[in-house]
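Colleague: coords please:
(2 chains)
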Amino acid sequence: MNEAAETATEPKILLEAKGIVKVFGSGEHAVKPLKGIDLKLRAGELTLLMGPSGSGKTTLLSILGCILSPTEGNLNVAGNPTEGLDAEGLAKLRRKHVGFVFQGYNLFPTMTASENVLLALDVRAAPVVDPPGHAVQALTAVGLAHRAKAFPSKLSGGEKQRVAIARALAGRPSLILADEPTAALDAENGRAVMALLSQVAKDPNRAVLAVTHDHRTLAYADRIIRIEDGYIVSEECPDKTSTPAHEAAEEH
Amino acid sequence: MQANTETMAPPIGEDLAGKPKIVKMAAKLAYRNLFHDRLSLSVTLIGIVFSVVLVAVQCGLYIGSERMIAAMLDHSKGDLWVVPFGTKSFDDPSFLIGHEKYAVLSTPGVAEAEDLVVNFSNWRKPKGGSTAVLLIGSDQENGTLKPWNLVNGSIAELKAPAAVAVDDTYFKDLGIDKMGERAEINDQHVTVGAVTHAIRSFTTLPYVFTTLQRARTLLGAGENQSSYTLVRLAPGADLEKVRAKLSARLQDREVLTQAEFRQRSVDYWLFQTGAGAALIAGAALGMIVGVVIVAQTLYSSTKDHLNEFATLRALGASAGYIHKVILIQALMSAVLGYSVGMILSLLVIWASKDTTLLIVMTPGLAVLLFALTIGMCVIAAISAIFKVTRIDPAGVFSR
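Modeller: Below you'll find the predicted structure:
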């Protein structure tokens, strides 16, 4: 059996979380937003993490993105266990394997679109062939090559989010974690960004997880995980064979 | 939407050719952060410039003072100096007992000896009024201490009757304005036979040069009396042995090396009088003001960009990378502030060149100031680094 066929039948697990518990504070003031989460992210899939406010989505995203350490449980990112890693060890794991897309874009306002991408490459501290060309390729992948020299203040919300996706893609991470990527966008730009994330997730060596409240995004999902009160309450794989994702989204 | 959503593009960067390079954006980010807020940058630069100019002028005054105090010693060539017991500095003279030169010359290991007569005198101005001067009498033919920086007249003209050399910096104090003018020293006529430039005195008393014999006459000293006797050793002579012999022969007088007499003079004026301490305190104050202003503005700039630093941290930047950005910002501020500060300092020095103040800028001082400015900005960056170290990268979510 060749590798492609193998991938088709059994996608790689790029992230695995087991028994994740997170407690903030101690004693009477302790808050426990996550009470035992088991979760897997598979290569080639766009997973949506949905749930009401206060359900633990952002805390879970922070833990999966190696920004916070769980109080209990194990996390394995791209084959690397995170147990026992200090802040610098987690940062190293993030820069090697994780790309982030933020609700507020979090672009550097003093840097152009291509410089924002280059900055992410610099943070990775790994040598890159033709860095400016690399940045342009990342922007081309999100359809923004022509805006490479524009500063964030000159970009629309949708364009900013696409630059943020280009920045996340540039380091070729195994995981892309998006926090409410469409929350600040209008319907058209929201669809465009989700279509892009869906496209990005098709890479057989990458998994995308998006935290969202936005029901317009459901049509793009390969898997939908619902979280409530610190527990995963459902996990489903919507049938995408009948209606192409973008058409389904437009019907919404 | 212009992104290609139908087909997979090759992985980013895979089809690019060339040698892999490390991307370097930290300096650019630091530069953009720095220049993004021009007002904050201006405040930072004003702080650094103020500090650099203050420290440069104070240090320049200190070096200038040291040079003025030691000017006569630096222009004399002596291995040892015989000085009256308890002499505090070159500019605090009294008379030796007499005949020291002959005692010195008859000591084994001594090649030459030179008498110097130095003492305070009263200068009566041609148009009335008087002022104190420091009269220096030396052998204008074979001696080593002669007026230098001559801008009018010559050493030979000091042989003329009653001739003295004065410095043009003190023309106003001496009540004269050109060569050839007549005045009185201790009620005896003198004529300005030579003019020097920029031989300034730390005590602000003008130096007046003349021949050894004329100085003795003007000061009423004995024929073999002097204020100091310079001793030059024979080749191969042991300085300490000669000094011991001279000390034994010349009771109630001190025998100092050139370096010791120089240091004693500098220490007296700069430290015993407190003048040097005031200069050092001024320089320290400049440094403190600089550190506080730079620290305040850098901290404020870091606070303004805190979300960006948190984003960098979330993207996986090491703490070292973020510290590097802040330090580069501090170093850029330092280089800019130092450059402007040095230009202003040189202008101040240039403007003071014809005054009685001697402010000196040496390559060594320029390097020291640069190092101090860098150090000051790095220290100032510490508060900003502490702030950034406490950033919670999780704060980047849901903003």
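Colleague: Could you point out which residue ranges in the chain have low pLDDT?
Modeller: Because you didn't say which chain, this covers chain A. Residue ranges of chain A with pLDDT under 70: A:1-9, A:240-252.
Colleague: wrong one, I was asking about chain B
Modeller: B:1-15, B:398-399.
Colleague: run the last query once more with 80
Modeller: Within chain B, the ranges that satisfy pLDDT under 80 run B:1-18, B:287, B:290, B:294, B:297-298, B:301-302, B:356, B:392, B:394-399.
Colleague: What residue spans form the domains of it?
Modeller: Using automatic domain parsing, the domains assigned to chain B come out as B:26-66+B:275-396, B:98-251.
Colleague: Looking at those domains, spot the one closest to chain A.
Modeller: Among the domains of chain B, domain B:26-66+B:275-396 comes nearest to chain A, with 2.5 Å by C-beta to the nearest C-beta. Where C-beta positions appear, they are placed from N, C-alpha and C, glycine not excepted.
Colleague: Make TSV out of the domains of chain B and add mean neighbour count.
Modeller: Below are the domains of chain B laid out as TSV (neighbours: other C-beta atoms under 10 Å in any protein chain shown):
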stretch	mean neighbour count
domain B:26-66+B:275-396	19
domain B:98-251	18
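Colleague: Redo these as TSV? Include distance to residue A:51.
Modeller: As requested, the domains of chain B are arranged in TSV below (distance: least, C-beta to C-beta, whole Å):
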stretch	distance to residue A:51
domain B:26-66+B:275-396	18
domain B:98-251	81
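Colleague: Quick one: closest of these to residue A:182.
Modeller: Among the domains of chain B, domain B:26-66+B:275-396 comes nearest to residue A:182, with 17.3 Å by C-beta to C-beta.
Colleague: In terms of helix, strand or coil, where does residue B:73 fall?
Modeller: Per DSSP: H, G, I helix; E, B strand; the rest coil, the local secondary structure of residue B:73 is helix.
Colleague: Export the domains of chain B as a markdown table, with columns for distance to chain A.
Modeller: Converted to a markdown table, those look like this (distance: least, C-beta to the nearest C-beta, whole Å):
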| stretch | distance to chain A |
| --- | --- |
| domain B:26-66+B:275-396 | 3 |
| domain B:98-251 | 50 |
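Colleague: what about stretch B:346-355, start to end distance?
Modeller: Stretch B:346-355 has an end-to-end distance of 15 Å (criterion: C-alpha to C-alpha, to the nearest Å).
Colleague: correction: stretch B:129-145
Modeller: With C-alpha to C-alpha as the measure, stretch B:129-145 spans 30 Å from end to end.
Colleague: can you give me the strands in the chain?
Modeller: This is for chain A. Here chain A has its strands, by DSSP state E, at A:13-24, A:31-42, A:46-50, A:72-77, A:80-81, A:98-101, A:128-129, A:175-179, A:207-212, A:223-228, A:231-236.
Colleague: oops, I was thinking of chain B
Modeller: Using DSSP E, strands in chain B cover B:20-21, B:80-84, B:110-124, B:130-138, B:150-153, B:163-167, B:182-185, B:188-196, B:207-211, B:228-233, B:253-257.
Colleague: which stretches of chain A form helices?
Modeller: In chain A, the segments counted as helices under DSSP state H are A:3-9, A:57-64, A:87-97, A:113-124, A:131-141, A:157-170, A:187-200, A:245-251.
Colleague: want to try JSON lines for those helices, with mean neighbour count and distance to residue A:226 as columns?
Modeller: Converted to JSON lines, these look like this (neighbours: other C-beta atoms under 10 Å in any protein chain shown; distance: least, C-beta to C-beta, whole Å):
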{"stretch": "helix A:3-9", "mean neighbour count": "10", "distance to residue A:226": "27"}
{"stretch": "helix A:57-64", "mean neighbour count": "24", "distance to residue A:226": "10"}
{"stretch": "helix A:87-97", "mean neighbour count": "20", "distance to residue A:226": "26"}
{"stretch": "helix A:113-124", "mean neighbour count": "26", "distance to residue A:226": "31"}
{"stretch": "helix A:131-141", "mean neighbour count": "23", "distance to residue A:226": "30"}
{"stretch": "helix A:157-170", "mean neighbour count": "26", "distance to residue A:226": "24"}
{"stretch": "helix A:187-200", "mean neighbour count": "22", "distance to residue A:226": "18"}
{"stretch": "helix A:245-251", "mean neighbour count": "15", "distance to residue A:226": "19"}
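Colleague: okay, the strands of chain A in TSV with mean neighbour count and distance to chain B next?
Modeller: Listed next are the strands of chain A as TSV, based on neighbours: other C-beta atoms under 10 Å in any protein chain shown; distance: least, C-beta to the nearest C-beta, whole Å:
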stretch	mean neighbour count	distance to chain B
strand A:13-24	18	11
strand A:31-42	19	12
strand A:46-50	24	12
strand A:72-77	18	12
strand A:80-81	14	13
strand A:98-101	26	6
strand A:128-129	20	4
strand A:175-179	26	5
strand A:207-212	27	8
strand A:223-228	19	15
strand A:231-236	14	19
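Colleague: Would you reformat those as CSV and include distance to residue B:78?
Modeller: As requested, those are exported to CSV (distance: least, C-beta to C-beta, whole Å):
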stretch, distance to residue B:78
strand A:13-24, 79
strand A:31-42, 83
strand A:46-50, 89
strand A:72-77, 79
strand A:80-81, 77
strand A:98-101, 76
strand A:128-129, 68
strand A:175-179, 81
strand A:207-212, 86
strand A:223-228, 91
strand A:231-236, 94
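Colleague: Out of these, flag the one nearest residue B:202.
Modeller: strand A:128-129 (62.3 Å).
Colleague: Show residues contacting that closest one.
Modeller: A:121, A:134, B:13, B:16, B:17, B:18, B:19, B:20, B:21, B:22, B:23 (C-beta atoms under 8 Å, 6 or more residues apart in numbering or on different chains).
Colleague: Quick check: of those residues, which lies closest to residue B:248?
Modeller: residue B:22 (72.3 Å).
Colleague: how many neighbours does that closest one have?
Modeller: By the criterion of other C-beta atoms under 10 Å in any protein chain shown, residue B:22 has 12 neighbours.
Colleague: so what's whichever residue of the stretch 51-200 of chain A sits closest to chain B up against?
Modeller: Per C-beta to the nearest C-beta, the residue of the stretch 51-200 of chain A with the smallest distance to chain B is residue A:95, at 2.5 Å. By C-beta under 8 Å, 6+ apart, residue A:95 lies in contact with A:123, A:124, A:125, A:171, B:315, B:316, B:317.
Colleague: for residue A:233, same thing?
Modeller: Here residue A:233 is in contact with A:226, A:227 (C-beta under 8 Å, 6+ apart).
Colleague: cool, residue B:290 as well?
Modeller: So residue B:290 contacts B:47, B:48, B:50, B:51, B:52, B:55, B:373, B:376, B:380 (C-beta under 8 Å, 6+ apart).
Colleague: Apart from its chain neighbours, what residue comes closest to the third one?
Modeller: The shortest distance from residue B:50 to any non-neighbouring residue, by C-beta to C-beta, 6 or more residues apart in numbering or on different chains, is to residue B:289 (6.5 Å).
Colleague: That neighbour against residue B:52, yeah?
Modeller: No: in this structure residue B:289 lies outside contact range of residue B:52 using C-beta atoms under 8 Å: 10.9 Å.
Colleague: quick one on the thing from earlier: switch the contacts of strand A:128-129 over to CSV; also include distance to residue B:183.
Modeller: Shown next, in CSV, are those (distance: C-beta to C-beta, whole Å):
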residue, distance to residue B:183
A:121, 79
A:134, 82
B:13, 86
B:16, 85
B:17, 86
B:18, 81
B:19, 79
B:20, 81
B:21, 76
B:22, 74
B:23, 75
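Colleague: Residue B:219: which of those residues is nearest?
Modeller: Each of the contacts of strand A:128-129 was scored against residue B:219 by C-beta to C-beta, and residue B:22 proved nearest at 75.3 Å.
Colleague: From the chain's centroid, how far away is stretch B:239-257?
Modeller: With C-alpha atoms, centre = their mean, to the nearest Å as the basis, stretch B:239-257 stands 33 Å off its chain's centre.
Colleague: where do the helices sit along the stretch 151-300 of chain B?
Modeller: B:171-174, B:212-219, B:239-249, B:258-267, B:275-304 (DSSP state H, counting those that start in this stretch).
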